[in-house]
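Engineer: 3D model of this:
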Amino acid sequence: MADRPTFSRSHLAFALGVICFANFLNYLDRQVVSALESEIRPAFAMSKPEFGTLWSAFTIGYMVFAPLVGYAAVRWRRNVIFAACVLVWSLATLGSGLADTKLELYISRFLIGVGEAGCLVIGPTLVVDLCSADVRGRALSLFYLGVPLGGTAGYIVGGVVTEHFGGWRNAFLVAGAPGLLVALLILFLPEPPRAAAPPGTRHGGLAPYRELIKNRTLMLIILAQAFAVMILVPLLHFGIAFLEQERGMTKVEATTYLGVIGLVGGVVGSVLAGLLGDRLARRTRGAYALLAGCAYTIALPSLIIGFSVRAPGAILAALLVGATCLFLCMPAVNTQIANVVRPDQRAMAYALAVFILHFLGDMAAPPAFGAAAELIGSTGETFVRFVGVLVLAASCCFVAARTAKHDVARAGADLSDRPGQTA
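Structural biologist: Below is the predicted model:
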């Protein structure tokens, strides 16, 4: 095999910093609208369901365009596509602050989803191709820190800017503006070298996706994430009202509890995923799937306790443990995905995961949970019943840990043959 260029530590640090900051902005721009319901609804004479549709508009753009971005990323320069995606979602975020009608706001949210589809499809593949195998889990853990940090920042930006810096429209302008610079920086990052597809590989039509569906470990990992999302997304959507209405907390207390749970759990979980996963990977090729399976198993009783007890301290402690485990799984399973598909397939593998996760999670789980909660008459009891999906998530991961050895070998993944250096 021809020698591949390597990158200096300073170059790797800069490139990873830009990519990770882009993911931070990805979640900031996605979440800022959720902090502005009290301002947006009266400004556009929106009902509560209409406000909820703003999230649906984003999800549709995100879910539909992810496979298209994955398909394009196999054929053209990923940094150029990534930069274009950042530019699209940043301009759409700015457009949200300038919208004069509900239709314009819905279109802006749809375009934010279109742009952000590129982040979780292309971003992880750039990280993987920049770094050597022995730090891959830690590098992806840094990338996925954007979930808790960016999401929390979205709430902060929405609240602080609205209250102190000229109103809710300026919150969108502040959120969207940094992406213009980040898009430029990504555009000028060199394209990391990637392995060529084996001779005879079919690139046309749906053939690459059909091939990925035959990868047992990949599909098990995707299904595991989908099952976990079925409890995580309802927690994000219905958690505040649960704490207020069934646990007697004030609005400030409820938002503070979930904020602490998301931020601390996200940071601790992501860091642990990288450290434990990379260490365990020295012993088994299914390390990251095994780690995720154990984390889902621990999360199950922790969340049941958190949704069942009434003491505020016990709620915080139990849900924090459960959230930490769920956040730990995110970089772990995505590292396992990178390890069981060929380098030329990774973008499409992540795209397939994004499509399935958002179809089953953002699209299906919230209305199903809401209907179940109305039928049962208790949001807390509904949470306890929905947590059972983690049994399926853990089971998929444990089976994936066993099939990973075969699929890693089939992918030709000599994981030491990476173009980057440790960072």
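Engineer: for the spatially most central residue of the chain, pull up the helix or strand it's in.
Structural biologist: The structure's the chain has its C-alpha centroid closest to V147; by Cα atoms, centre = their mean the separation is 6.2 Å. In this assignment (DSSP states H and E), V147 forms part of helix 146-164.
Engineer: pLDDT at the residue nearest to the centre of the chain, what is it?
Structural biologist: Listed pLDDT for V147 reads 79.
Engineer: report the contact partners of it.
Structural biologist: 23, 27, 266, 270, 327, 330 (Cβ atoms under 8 Å, 6 or more residues apart in numbering). Every residue, glycine included, has its C-beta placed from N, CA and C.
Engineer: export those to CSV and append columns for secondary structure.
Structural biologist: Formatted as CSV, those follow (DSSP: H, G, I helix; E, B strand; the rest coil):
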residue, secondary structure
N23, helix
Y27, helix
G266, helix
S270, helix
F327, helix
M330, helix
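Engineer: tabulate the residues you listed (CSV), appending pLDDT.
Structural biologist: Putting the contacts of V147 into CSV (pLDDT from 0 to 100) gives the following:
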residue, pLDDT
N23, 92
Y27, 88
G266, 84
S270, 83
F327, 88
M330, 84
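Engineer: what's the closest of the residues you listed to A45?
Structural biologist: Comparing the contacts of V147 against A45 with Cβ to Cβ picks out Y27 as the nearest, at 28.7 Å.
Engineer: for the nearest residue to the closest one once chain neighbours are set aside, the count of nearby residues, please.
Structural biologist: Distances taken as Cβ to Cβ, 6 or more residues apart in numbering place G150 nearest to Y27, at 2.9 Å, with adjacent residues excluded. Per other Cβ atoms under 10 Å, the neighbour tally for G150 reads 22.
Engineer: tell me where the stretch 1-150 of the chain has helices.
Structural biologist: 9-31, 37-43, 48-73, 78-98, 102-116, 119-130, 136-144, 146-164 (DSSP state H, counting those that start in this stretch).
Engineer: ok, which of these comes nearest P234?
Structural biologist: P234 lies closest to helix 48-73 among the helices of the stretch 1-150 of the chain, at 13.1 Å (Cβ to Cβ).
Engineer: any idea how far the closest one is from the middle of the chain?
Structural biologist: Remark: helix 48-73 is offset 13 Å from the chain centroid, using Cα atoms, centre = their mean, to the nearest Å.
Engineer: which ones are touching R30?
Structural biologist: For R30, the contacting residues are 58, 112, 116, 150-151, 154, by Cβ under 8 Å, 6+ apart.
Engineer: one more time with 7 Å
Structural biologist: 58, 112, 116, 154 (Cβ atoms under 7 Å, 6 or more residues apart in numbering).
Engineer: quick check, the last one in contact with L36.
Structural biologist: In other words, G154. No. G154 is not in contact with L36 according to Cβ atoms under 7 Å; the separation is 9.8 Å.
Engineer: unless I'm mixing things up, G95 is touching F110, no?
Structural biologist: No. With contact defined as Cβ under 7 Å, G95 does not count as touching F110 (10.7 Å).
Engineer: any common contacting residues for the two?
Structural biologist: By Cβ under 7 Å, 6+ apart, no residue touches both G95 and F110.
Engineer: for the stretch 151-300 of the chain, which spans come out with low pLDDT?
Structural biologist: In the prediction, the stretch 151-300 of the chain carries residues with pLDDT under 70 at positions 193-206, 237, 251-252, 255.
Engineer: and the helices in it?
Structural biologist: According to DSSP H, counting those that start in this stretch, the helices that the stretch 151-300 of the chain contains are 168-176, 178-187, 207-213, 216-245, 251-280, 287-308.
Engineer: which one, of these, ends up nearest to L87?
Structural biologist: Using Cβ to Cβ, the helices of the stretch 151-300 of the chain put helix 178-187 closest to L87, at 4.2 Å.
Engineer: so what touches that closest one?
Structural biologist: With Cβ under 7 Å, 6+ apart, helix 178-187 has contacts from 18, 21-22, 25, 79-80, 82-83, 86-87, 89-90.
Engineer: and if we set it to 10 Å?
Structural biologist: By Cβ atoms under 10 Å, 6 or more residues apart in numbering, the surrounding residues in contact with helix 178-187 are 14-15, 17-19, 21-22, 24-26, 28-29, 77-94, 115, 122-123, 126.
Engineer: now stretch 160-168
Structural biologist: For stretch 160-168, contacts defined as Cβ under 10 Å, 6+ apart pick out 32-33, 35-40, 43, 96-97, 157-159, 169-175.
Engineer: adding neighbour count and distance to T53, write the contacts of V147 out as JSON lines.
Structural biologist: Below are the contacts of V147 laid out as JSON lines (neighbours: other Cβ atoms under 10 Å; distance: Cβ to Cβ, whole Å):
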{"residue": "N23", "neighbour count": "23", "distance to T53": "26"}
{"residue": "Y27", "neighbour count": "23", "distance to T53": "20"}
{"residue": "G266", "neighbour count": "25", "distance to T53": "27"}
{"residue": "S270", "neighbour count": "27", "distance to T53": "31"}
{"residue": "F327", "neighbour count": "30", "distance to T53": "28"}
{"residue": "M330", "neighbour count": "25", "distance to T53": "27"}
